[in-house]
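Engineer: Sequence and predicted structure below; questions after.
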Amino acid sequence: MNKLVFGNLIHRPLRSVISALAVAIEVIMILSIVGIMYGILNGSRDQASGTGYDMIARPSAGSAILSTSSASASVKVADVLRGLPHVEVASPVGIKLLVGSSVQNLLGIDYESYNALKPFEFKAGGPFQGPYDILIDSVEAANSKAKVGDVVKIAQLGRDFRICGIVAAGKGARRYIQLTTMDAIDGTPGKAALFYLRTSSAPEFQKAVRAEILATEGMSDWNVQTLQELLSQLTPEHIPAFNIGIRVVIGIAAVIGFLVIFQSMYTAVMERTREIGILKSMGASKGTIVSVVLRETGLLAVCGVIIGIVATVLLKAALHARFPSLSFQLTPEWAGIATLITLVGAVLGATYPALKAARKDPIEALSYE
């Protein structure tokens, strides 16, 4: 019976290849959308974790989404925060959202205090030398093939900046300029959007630091978060439409796989009427006929899954080579989920054709041709 299954697939090579590729496309769709979306989300978490702060404070008027926060607090607040017990470092930061070939944050930093949170690791060059110098991380440098001394134009700021240094990735952003320069361009001198804090013996004193900040005159309505609280918001459950988007793509992929398998196996059953009649006349039960069809489907689905996973790995490598800053996370967990969804969809797609084949009358089947 296994020889019959293989024989049927080999006898119709084009249909078998198309069916396997359709299943592979289903797997690629699932793994690629999940890999890219989770990669971007977890990349944001890694960037936040690598900055060196363990608390963040910003005026109540500031947006809860860091990338759209506006500079509305005086940088002198950093001196007030440094004077609080248990606060070791307070660094004022400005943030601007850059939208171009990619979407990323540009940080305006006070270099001395920002570096004190966790020192920059320079791959080339060094700190700011002039007001229109810019630091970029190693991923941005690889993505744009930039080197120290190159001039980059930031359209949103309407200025050219000289790359003075390339730093290790994972410290909050891909690009950094001086906060005073960002303020001067925006017309908001001496302002910051938020303040990164590094406290002593965190998280033991974090509640005390929060209470001290809120008890400070003029800061009673400030938004004060710990790093863990911020990271807890960077989850699929807290990102609008994140899970909905993934479910929609998975649903579309599953429907495509189901329809292709259904059409393929239904057509195959119609074309093999004589074969089914011979099997039934030889005593093959309905269960045997169903088993043959489902085994063919299972083999096609397994081949499609293998092709899909291999193709996704190659797609990940190609995207990384073309877009080094793009985070693509391919995990065994989601590979298993994609495999399960694909196999279940394939079996469901083949169930009706299999049952139709099993219900054929052997006399009618033999007289069909």
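Structural biologist: Sure, I can see it.

Engineer: quick one: the strands in the stretch 101-250 of the chain?
Structural biologist: 103-109, 122-125, 133-137, 151-154, 159-167, 175-178, 191-192, 194-199, 223-226 (DSSP state E, counting those that start in this stretch).

Engineer: Can you give the domain ranges for the protein?
Structural biologist: Here the domain parsing of the chain from automatic domain parsing is 2-44+240-366, 60-221.

Engineer: Could you dump the ones you listed into JSON lines with mean neighbour count and distance to residue 229 added?
Structural biologist: From N, CA and C alone the C-beta is placed, and that goes for glycine too. Conversion of the domains of the chain to JSON lines gives the following (neighbours: other C-beta atoms under 10 Å; distance: least, C-beta to C-beta, whole Å):
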{"stretch": "domain 2-44+240-366", "mean neighbour count": "17", "distance to residue 229": "15"}
{"stretch": "domain 60-221", "mean neighbour count": "18", "distance to residue 229": "9"}
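
Engineer: Tell me which of those lies nearest to residue 51.
Structural biologist: domain 60-221 (4.2 Å; C-beta to C-beta).

Engineer: neighbouring contacts of stretch 51-64?
Structural biologist: With C-beta atoms under 8 Å, 6 or more residues apart in numbering as the test, stretch 51-64 has contacts from 69-70, 72-73, 81, 89, 91, 117-118, 171-172, 193-199, 202-203, 206, 209-210, 213, 219, 221-227, 230.

Engineer: cool, and stretch 191-199?
Structural biologist: Contacts for stretch 191-199 (C-beta under 8 Å, 6+ apart): 51-58, 62, 66, 69-75, 77-78, 81, 86-95, 108, 114, 116-117, 179, 183, 205-206, 209.

Engineer: Does residue 45 belong to a helix, a strand or coil?
Structural biologist: helix (DSSP: H, G, I helix; E, B strand; the rest coil).

Engineer: Determine the set of other helices and strands touching the helix or strand where residue 78 lies.
Structural biologist: Assigned by DSSP states H and E, residue 78 belongs to helix 77-82. Applying 3 or more C-beta pairs under 8 Å, 6 or more residues apart in numbering; DSSP states H and E, one finds that helix 77-82 contacts strand 87-99, strand 194-199.

Engineer: Show me how far the first one is from its chain's centre.
Structural biologist: Taking C-alpha atoms, centre = their mean, to the nearest Å, one finds strand 87-99 lying 24 Å from the centre of the chain it belongs to.

Engineer: likewise the last one?
Structural biologist: A distance of 27 Å separates the C-alpha centroid of strand 194-199 from that of its chain, computed with C-alpha atoms, centre = their mean.

Engineer: and that strand, what's its mean pLDDT?
Structural biologist: Averaged over strand 194-199, pLDDT sits at 93.

Engineer: Output that strand as PDB, nothing but the C-alphas.
Structural biologist: This file holds the C-alpha atoms of strand 194-199, laid out as PDB (Å, rounded to 0.1, in the frame of the first residue of the first chain):
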ATOM      1  CA  LEU A 194      12.500  62.200  29.600                       C
ATOM      2  CA  PHE A 195      15.200  61.200  32.000                       C
ATOM      3  CA  TYR A 196      17.000  57.900  32.300                       C
ATOM      4  CA  LEU A 197      17.900  57.000  35.900                       C
ATOM      5  CA  ARG A 198      20.300  54.500  37.300                       C
ATOM      6  CA  THR A 199      19.600  53.800  41.000                       C
END
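
Engineer: Could you check how far residue 285 is from residue 292?
Structural biologist: Taking C-beta to C-beta, to the nearest Å as the measure, residue 285 falls 11 Å from residue 292.

Engineer: try residue 277
Structural biologist: For residue 277 relative to residue 292 (C-beta to C-beta), the value is 13 Å.

Engineer: now do residue 330
Structural biologist: Residue 330 is 35 Å from residue 292, by C-beta to C-beta.

Engineer: Of the helices and strands packed on helix 77-82, give the one that comes closest to residue 45.
Structural biologist: Of the helices and strands packed on helix 77-82, nearest to residue 45 by C-beta to C-beta is strand 194-199, at 15.7 Å.

Engineer: Adjacent strands (with direction) for that closest one?
Structural biologist: When pairing is defined by DSSP bridges, strand 194-199 lines up against strand 55-58 (antiparallel), strand 87-99 (antiparallel).

Engineer: looking at the ones you listed, which is closest to residue 161?
Structural biologist: strand 87-99 (12.0 Å).

Engineer: Which elements pack onto the host helix or strand of residue 294?
Structural biologist: Residue 294 is part of helix 286-322, with elements assigned from DSSP H and E. Here helix 286-322 touches helix 2-11, helix 13-49, helix 242-271, helix 273-281, helix 332-358, going by 3+ C-beta pairs under 8 Å, 6+ apart.

Engineer: so how far is it off the chain centroid?
Structural biologist: On C-alpha atoms, centre = their mean, the centre of helix 286-322 falls 23 Å from the chain's centre.

Engineer: ok, now stretch 216-226?
Structural biologist: 33 Å.

Engineer: Give me the contacts around that stretch.
Structural biologist: 54-60, 62, 64, 77, 80, 84, 202-203, 206, 209-210, 213-214.
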